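Enquirer: sequence first, then the predicted structure:
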Amino acid sequence: MADLQDDIPLATEVGRDDGLPDGPRPAGPGGGYGPPPRPAGELLERARAVLAAHPVADGYSGLPWALRRLPRYDLELGESAVDTDLPRMREGHVGALFWSLHLPDGPGRDRPVTATLEQLDLVRTVVGAHPEGLRLVRTAGQVIDARNRGRVAVVLGPAHGAALDGSLGLLRVLHALGLRVLSLAGTAWAGASGLTRFGEEVVREMNRLGVLADVSGAGPATVERTAALSKTPVLCTRSAARALRPHPANLSDQLLAVLGGAKGLCMVPLTAEQTGPAVPDVADHLEHIRDVAGPECVGLSGSYDCGTVHPRDLADASRYPHLIAELLSRGWSETELALLTWGNVQRVLRSADFTARAAQHRREPTAPPRTTGLDGP
C-alpha cells in the first residue's frame with residue numbers, strides 16, 4: 001500500500017468549513033501554502049483501505065447483556081435493536097471484539113458468579129448460532145486465524161473481579177471456559193489503597209494463566225501497583241485522557257505515563273461522556289494519549305450496546321471509517337493507524353500468551369485461603 005502520509009493536509013477536520021476561499025491554503029504557522037484538504041469522500045475511501053488491511057480490535061462491547069432482553073435476534077441478517085451486528089461490523093471493518101461480561105446495576109450485582117457464568121453461556125450460544133460470522137478465540141494466533149477465515153474474533157472479557165468471589169479456583173475455572181480479561185476495579189482486594197496481598201496473588205495467577213488485567217476505573221494506587229507487578233501489559237479498556245475531559249474513569253497524564261512505561265494499552269471509549277460529542281473530540285484524546293504514553297499504548301474501545309451516548313457519526317459499529325478519516329486528515333501514518341486499530345491489541349495478547357507458557361513451566365497453581373479482601377495492602 002502506498003505511503004499514507006503523502007499529500008495529507010495538516011490538522012484538517014473532515015468536512016470542516018474553515019472559512020478560507022477555494023485554492024491553496026496555509027499549511028501551518030510558518031505561513032507556507034499547500035494543497036486544499038482532501039474531500040471527505042476521498043478520506044473515507046482511504047480510511048476503508050487502511051481498515052481493510054488493519055481492522056479494528058474493539059476493546060469493549062456490551063452486546064451479551066443487550067441481547068438478554070431480546071426475545072429473538074439474528075446478528076447475521078442484522079439487528080436494529082442493538083448497536084452491533086455482523087453487517088455493521090463488516091462495514092466498520094471490525095476484526096476482533098472484546099465481549100464484556102460486566103455486571104450492570106440492579107439484578108445480578110448480588111450474585112456476580114452466577115451472572116457472569118450466565119453471560120458466558122450466552123456468548124457461547126450466540127457464537128455457536130453464527131458460525132459463519134463469529135469465532136470464540138483464546139489466543140493471539142486464533143485471532144489471526146479467525147480474521148483470515150473472514151470471521152470476527154470474539155474475546156471473552158472483561159469480566160468483573162467480583163466474579164471470583166475471593167477464590168483463585170474460580171479464576172482458573174473462568175479461564176478454562178475462555179475468559180481472557182478480568183476487571184479489577186470495584187473489588188475489595190483492589191481498592192483506593194492499591195492491591196491487597198490477595199489482589200497481588202490474583203494478578204500473579206492471571207499472568208500464569210494468560211488472563212489480562214483491566215484497570216479501567218481503578219484508583220491510581222491500583223493502576224500503578226498492577227502495572228509494576230504484572231509480567232504482561234495491563235489494559236484500560238474504557239479510559240480516555242483526563243487532561244481533556246475530567247471524567248472519573250479517564251486517566252491523568254501521570255497514569256498514562258505509567259501505563260506507557262509498562263507498555264500497557266489505553267483503549268479510548270467512543271462515548272460522548274468520556275471523550276466529547278464529536279469525532280474530532282475523540283481524535284483529540286487519541287492524539288493526547290499517543291503523545292503522552294506512546295503510539296504503542298493507544299487503542300479503540302467502541303463501548304457499543306452499553307447504554308451510553310456516542311459522538312456524532314460514531315453511533316454504531318459501522319462508523320469506524322469516519323474516525324480513521326479524521327486521523328488521516330491530521331496526518332496519522334499508516335503505521336500509527338495499524339498500531340491503533342489492530343497491532344497494539346495483538347502485541348498485548350501475544351505477550352500474555354508467551355508469559356503464560358513460560359510461567360506454567362516454573363510455577364504451580366497457587367491456592368491461598370479464601371479471602372474477604374480485608375487482608376491489608
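Expert: Okay, I see it. Residues are numbered from 1 along each chain as shown.

Enquirer: where along this structure do the strands fall?
Expert: With DSSP state E, the ranges of strands along the chain come out as 25-26, 33-34, 56-61, 94-101, 134-137, 152-160, 181-183, 190-191, 194-195, 212-214, 235-236, 265-269, 298-301.

Enquirer: which residue lies nearest the spatial centre of this protein?
Expert: With distances taken as CA atoms, centre = their mean, the residue of the chain nearest its centroid is G59 (2.1 Å).

Enquirer: L70 contacts P64, correct?
Expert: No - assessed by CB atoms under 8 Å, L70 is found out of contact with P64, at 11.4 Å. Every C-beta, even on glycine, is put in place using the N, C-alpha and C of the backbone.

Enquirer: hang on, the earlier thing: for the strands of the chain, give me TSV that also has distance to A358 and mean pLDDT.
Expert: Below are the strands of the chain laid out as TSV (distance: least, CB to CB, whole Å; pLDDT from 0 to 100):
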stretch	distance to A358	mean pLDDT
strand 25-26	54	35
strand 33-34	50	41
strand 56-61	24	98
strand 94-101	24	97
strand 134-137	21	98
strand 152-160	21	97
strand 181-183	20	98
strand 190-191	25	94
strand 194-195	22	97
strand 212-214	16	98
strand 235-236	20	98
strand 265-269	20	98
strand 298-301	25	98
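
Enquirer: looking at these, which is buried most?
Expert: Most buried of those by mean neighbour count (mean count of other CB atoms under 10 Å) is strand 235-236; its value is a mean of 31.

Enquirer: point out the other helices and strands that that one packs with.
Expert: Helices and strands touching strand 235-236, as assessed by 3 or more CB pairs under 8 Å, 6 or more residues apart in numbering; DSSP states H and E, comprise strand 212-214, strand 265-269.

Enquirer: the helices in the stretch 51-200 of the chain, which residues?
Expert: Under the criterion DSSP state H, counting those that start in this stretch, helices of the stretch 51-200 of the chain are mapped to 63-68, 86-92, 112-129, 140-148, 168-176, 197-209.

Enquirer: give me the contact list for the third one.
Expert: Right, the one you point to is helix 112-129. Residues outside helix 112-129 that contact it (CB atoms under 8 Å, 6 or more residues apart in numbering): 63-65, 67-68, 75, 99, 101, 103, 108-109, 134-136, 154, 156, 159-160, 162-163, 165, 170, 174, 177-179.

Enquirer: same deal with the second one?
Expert: Residues external to helix 86-92 that are found in contact with it (CB under 8 Å, 6+ apart): 51, 56, 75-78, 97, 130, 133-134, 152, 316-321.

Enquirer: where does pLDDT dip in the stretch 151-300 of the chain?
Expert: Judged by pLDDT under 70, the stretch 151-300 of the chain has no weakly predicted residues.

Enquirer: OK, contacts around the residue nearest to A257 when sequence neighbours are not counted?
Expert: Spatially, and ignoring its direct neighbours in sequence, A257 is nearest to V292 (6.0 Å; CB to CB, 6 or more residues apart in numbering). Applying CB under 8 Å, 6+ apart, we find V292 in contact with A241, D253, L256, A257, G260.

Enquirer: how close does the nearest residue to Q142 once chain neighbours are set aside get to P220?
Expert: In space, and not counting its chain neighbours, Q142 is closest to A153: 6.9 Å by CB to CB, 6+ apart. Distance, A153 to P220, by CB to CB, to the nearest Å: 32 Å.

Enquirer: could you do P269 as well?
Expert: When CB to CB is the yardstick, P269 and P220 sit 19 Å from each other.

Enquirer: before we move on, what about E205?
Expert: For E205, the distance to P220 - CB to CB - is 23 Å.

Enquirer: among those two, which residue is more densely surrounded?
Expert: E205 (22 against 15; other CB atoms under 10 Å).

Enquirer: my guess is the more buried one contacts S167. True?
Expert: No - taking contacts as CB under 8 Å, E205 lies outside contact range of S167: 10.7 Å.

Enquirer: buried residues, stretch 344-357. List them.
Expert: Going by neighbour count (16 or more other CB atoms under 10 Å), the buried part of stretch 344-357 is N344, V345, Q346, R347, V348, L349, R350, S351, A352, D353, T355, A356.

Enquirer: correct me if wrong: the first one contacts K263.
Expert: No - between N344 and K263 there is no contact, the gap being 9.4 Å when judged by CB under 8 Å.

Enquirer: who touches both of these two?
Expert: Applying CB under 8 Å, 6+ apart, one finds that N344 and K263 are jointly contacted by E296, C297.

Enquirer: give me the neighbour count for D165.
Expert: Number of residues near D165 (other CB under 10 Å) recorded here: 14.

Enquirer: list the contacts of it.
Expert: By CB under 8 Å, 6+ apart, D165 lies in contact with P112, V113.

Enquirer: and it, how close does it get to A315?
Expert: In terms of CB to CB, D165 sits 37 Å off from A315.

Enquirer: E91: neighbour count?
Expert: Quick note: E91 (other CB under 10 Å) scores 15 neighbours.

Enquirer: which of L70 and P64 has more neighbours?
Expert: Neighbours were counted for L70 and for P64 using other CB under 10 Å; P64 has more, 22 against 10.

Enquirer: wouldn't that one be in contact with L103 here?
Expert: No - using CB under 8 Å, P64 makes no contact with L103, being 11.5 Å away.

Enquirer: check contacts around the closest residue in space to G299 that isn't next to it in sequence.
Expert: Nearest non-adjacent residue to G299, counting by CB to CB, 6+ apart: M267, 4.2 Å away. When contacts are counted by CB under 8 Å, 6+ apart, M267 touches G59, Y60, L235, C236, T237, R238, S239, V298, G299, L300, S301.
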